[in-house]
Every structure is written in C-alpha cells, then in structure tokens.
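Undergrad: pasted the sequence and its predicted model underneath.
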Amino acid sequence: MSEFWNRLVGIIMVQHFADNLQLLCSYYKSVADVCRRLNINRAQFNRYLNGTTVPSSSTRRRIGEFFGVEPSEMALPHDQFVKLVQARPIRQSEDVKSLTSEQQQFNQLNQSGQHGLAKYSGYYFEYYLSMACPGKILRTLVHIESQGDKTYYQRTERLNPRNLKKSFHGIYNGVVQLLSDRLFLIDYERQTHVEMTQTILYPSFQNRVERLTGLRLGVSGSGERAPCCARVVYEYLGLNINKKRAVAQCGLYDVDSDLIDEDICQSIKNDMKEGDWHFRARF
C-alpha cells in the first residue's frame, strides 16, 4: 500500500512541476523562445510541459536559475506556486537582454566545440601536485556528461591534511569544449564562487579513452592565492562507478606512494628540461 501512495505522490509532484513550468513560460513570448534561451531541445522540453518526464536535477537547477525560482519551489502545488509568482516577479526577457551578447558568443563557441566529445563522458580520477599542500599529490574525482547539446563536468575534491574526523569536500562545476584536437575545461568553485580553474588536455586518438594528460591553471589554496600551473593526468574509470567509494579514494598522497601508479607520478612531475622557454604539457 505504501508503494502505491509513493507512486501516487510522485505522479502528483510531476504534474505540479509541469503546471508550474507552463505558468513560468507564459511570461515569455513563446515556448520556443524559452527553449532557445535555456538551450534545451524543444521536443524534450515539451515532455517536461506535458508531465511525461521530469528533468534531471542539474537541468532543474538551470531552469530554476533562469526563471529566478528554487528547484524545490517548482514542485509546490500549483495554487501555492501561483501566489509565490505573484509575490515575486519572474525574470522576463527584458531582464536578460544584457546577457544576450555573451550567450550568443558562448553558443557559437559551443557549436564549434561539441563534436567528438561523446566518447569522453564518464568518471575520471584527476592527479596533479597539490597547489595548497606542496609536495603532495592530489587525487580528485571528475564526472563529464552531456546534457542536451552541451557537455558539463563536476570535479570533487576531498581534503583532510590534518587528519581530522571529517574531510572537506570542494565541488567545482564547469563546461567542456573540444577545439582543434584539444580539450578545454573551465570551472568555478560552487560554494564560495571565489575560484576558477582551467585545464587543457591532449585528446585520446584511440577509440577507448584510458588516460589524458595536460596542464591545469588555478590558484593555491593558501592565503596568498598565488596563480599556479601544474601538469595533470585524467585516468578514466568508466561510465558507471561506485561514486562513494571513488570519493573515499580521493585526497592527498605522498609523491612516492605505492597507491599511485608510477607512470602517473612521472607524468605529473613539474620539471623543465634545459633550454625550455615555456612550461609544457607531456603527451
């Protein structure tokens, strides 16, 4: 009986979301205009409006940010949501005109940088010499996934340099582009919005992705926040993994740790050869 009620509640919440989304779209000149601004496929968006499917949590966040409402508010009963909208003006076309030029530029870049990215979807361990804890290797978890016609990624850091009972988890969200045989990743720190990083990787010229190498640019986690550049390796884990176990394996390691593959340790050394004028990635 409880399973029946849970399913019934789920169906009702899906319908609330659809009704509330229809109301939000009514503030724009057309559904097509909303889809264009959100960069969401029209056919898929229609399924959200019809209540036949619910967007993923990340897509719900995008929709909520676009209209200026919380994702949780969009599941409210429709009569409550109508009152909320009446009390809080919804973002309309006039409010985003200043972003149109930037969005157009990003969309043009996105159209050039999505072809060939599908094979890079999945989970990776990222390795580089820590900027916050010199002399240590930092292993993080990266998840790359396509949503609609864009490719996003999330990077999760797990740090506990003082061996406290609870580790610190830093979350970074970003976008991926493949431009002229190079992977470009740029992200921001989700909680405080005080840091951005950029990573440029060599692509894989094989059908199966195993490891990617390149350079990572960011700032040190110390008080001085010094800009730093480090060699980086992405080790492919697969499309589906035990995420909790993978995050537990993230953190700081000694440079000679037996838990890190020797080839990876060599690949992320930040040395330069005599005569080099620039710090270069290793292929």
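TA: Cool, the structure landed.
Undergrad: which helices and strands sit right next to the helix or strand hosting Y124?
TA: Y124 belongs to strand 122-129 when assigned by DSSP states H and E. Counting by 3 or more Cβ pairs under 8 Å, 6 or more residues apart in numbering; DSSP states H and E, the packing neighbours recorded for strand 122-129 are strand 136-147, strand 227-238, helix 243-248. The C-beta positions use only the backbone N, C-alpha and C, and glycine is treated the same way.
Undergrad: could you tell me how far that strand lies from the centre of the chain?
TA: Taking the mean C-alpha point of strand 122-129 and that of its whole chain, the gap between them comes to 14 Å (Cα atoms, centre = their mean, to the nearest Å).
Undergrad: contacts for that strand, please.
TA: Residues external to strand 122-129 that are found in contact with it (Cβ atoms under 8 Å, 6 or more residues apart in numbering): 135-144, 155, 209, 212, 216, 230-239, 241, 243, 246, 249-250, 255, 260, 264, 268-270.
Undergrad: quick one, it and strand 227-238 angle?
TA: Using axes from the mean of the first three to the mean of the last three Cα atoms, to 10 degrees, one finds that strand 122-129 and strand 227-238 are set 140 degrees apart in direction.
Undergrad: now do the SS call for R280.
TA: Using DSSP: H, G, I helix; E, B strand; the rest coil, the three-state assignment for R280 comes out as coil.
Undergrad: any idea how far D256 is from it?
TA: 24 Å (Cβ to Cβ, to the nearest Å).
Undergrad: before we move on, the earlier item: dump the helices and strands packed on strand 122-129 into TSV; add distance to E189 and mean pLDDT as well.
TA: As requested, the helices and strands packed on strand 122-129 are exported to TSV (distance: least, Cβ to Cβ, whole Å; pLDDT from 0 to 100):
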stretch	distance to E189	mean pLDDT
strand 136-147	12	93
strand 227-238	15	95
helix 243-248	17	93
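Undergrad: how about the helices in the stretch 1-150 of the chain?
TA: Counting by DSSP state H, counting those that start in this stretch, residue ranges of the helices within the stretch 1-150 of the chain are 2-25, 31-38, 42-50, 57-67, 78-87, 97-113.
Undergrad: what comes up buried for the shortest one?
TA: For helix 31-38, the buried set under the neighbour-count rule, 16 or more other Cβ atoms under 10 Å, comprises V31, V34, C35, L38.
Undergrad: before we move on, what about the fourth one?
TA: Within helix 57-67, the residues scored as buried using 16+ other Cβ under 10 Å are T59, R60, R62, I63, G64, F66, F67.
Undergrad: list the helices and strands that helix packs on?
TA: Secondary elements touching helix 57-67 (3+ Cβ pairs under 8 Å, 6+ apart): helix 31-38.
Undergrad: name the element Y152 belongs to?
TA: For Y152, the enclosing helix or strand under DSSP H and E is strand 150-159.
Undergrad: my read is that S57 contacts P71, right?
TA: Yes - with contacts counted by Cβ atoms under 8 Å, S57 reaches P71, the gap being 7.3 Å.
Undergrad: what's around L237, how many residues?
TA: L237 is flanked by 17 other residues according to other Cβ atoms under 10 Å.
Undergrad: err, R208, not the other one
TA: For R208, the number of neighbouring residues by other Cβ under 10 Å comes to 7.
Undergrad: isn't there a helix covering it?
TA: No - under the criterion used here (three-state DSSP), R208 is coil, not part of a helix.
Undergrad: let's see the pLDDT reported for R158.
TA: R158 carries a pLDDT value of 87.
Undergrad: identify the bridge partners of it.
TA: For R158, the beta-bridge assignment (DSSP bridges) gives partners H169.
Undergrad: Serialize the helices of the stretch 1-150 of the chain to JSON lines and add fields for mean pLDDT and distance to G122.
TA: Below are these laid out as JSON lines (pLDDT from 0 to 100; distance: least, Cβ to Cβ, whole Å):
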{"stretch": "helix 2-25", "mean pLDDT": "70", "distance to G122": "29"}
{"stretch": "helix 31-38", "mean pLDDT": "87", "distance to G122": "25"}
{"stretch": "helix 42-50", "mean pLDDT": "90", "distance to G122": "22"}
{"stretch": "helix 57-67", "mean pLDDT": "86", "distance to G122": "16"}
{"stretch": "helix 78-87", "mean pLDDT": "82", "distance to G122": "37"}
{"stretch": "helix 97-113", "mean pLDDT": "68", "distance to G122": "18"}
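Undergrad: alright, I will stop here.
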